[in-house]
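[1] Can you look at this prediction? I've put the sequence above it.
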Amino acid sequence: MGRIVVEVMPKPEILDPQGKAVVGSLPRLGFDQFTAVRQGRRFELTVDGPVTQEHLDAAAEAAEKLLSNPIIEDVVAVHAVQED
């Protein structure tokens, strides 16, 4: 079985209240080196057999049509995951 990962992030101009909450909490936990956080979404799609270019193309199309909201989100990555 192969896996494809699709990563979706809010567009830069869209407010990210979850990211703001996380960045506000990090210093209280001792992580003061981070200045910003944006929270996105990750989808894992499984296919029978190895991942082909056809699978990746279909995943990219699904990402644009179903997995993301193109008004407020960008698809930032579609890639195969190597199985260990």
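    Structure's in. What do you need? Bear in mind that the values here come from a model prediction, so they are computed numbers and not experimental data.
[2] so is the residue nearest to R41 when sequence neighbours are not counted in a helix, a strand, or just coil?
    The spatially closest residue to R41, leaving aside those adjacent along the chain, is V8, at 4.7 Å (CB to CB, 6 or more residues apart in numbering). All C-beta atoms are positioned from the backbone trio N, CA, C, and that covers glycine. Following DSSP: H, G, I helix; E, B strand; the rest coil, the label given to V8 is strand.
[3] hang on, isn't V8 packed against G40?
    Yes: counting by CB atoms under 8 Å, V8 touches G40, with 5.6 Å between them.
[4] okay, and the common contacts of those two?
    Contact criterion CB atoms under 8 Å, 6 or more residues apart in numbering; residues shared by V8 and G40: 73, 76.
[5] Point out the other helices and strands that the helix or strand where L45 lies packs with.
    Using DSSP states H and E, L45 sits in strand 41-47. For strand 41-47, the elements it packs on are strand 2-10, helix 53-62, judged by 3 or more CB pairs under 8 Å, 6 or more residues apart in numbering; DSSP states H and E.
[6] Pull the residues that contact the first one.
    So that's strand 2-10. Contacts to strand 2-10, defined as CB under 8 Å, 6+ apart, come from residues 16, 38-51, 55-56, 59-60, 62-63, 67-68, 72-81, 83.
[7] export it as PDB, just CAs?
    Backbone C-alpha positions of strand 2-10 (Å, rounded to 0.1, in the frame of the first residue of the first chain) are rendered in PDB as follows:
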ATOM      1  CA  GLY A   2       1.100   3.500  -0.800                       C
ATOM      2  CA  ARG A   3       0.300   6.700   1.000                       C
ATOM      3  CA  ILE A   4       0.000  10.300  -0.200                       C
ATOM      4  CA  VAL A   5       0.100  13.300   2.100                       C
ATOM      5  CA  VAL A   6      -1.800  16.400   1.200                       C
ATOM      6  CA  GLU A   7      -1.100  19.500   3.300                       C
ATOM      7  CA  VAL A   8      -3.400  22.500   3.400                       C
ATOM      8  CA  MET A   9      -2.700  25.900   5.100                       C
ATOM      9  CA  PRO A  10      -4.800  29.000   5.600                       C
END
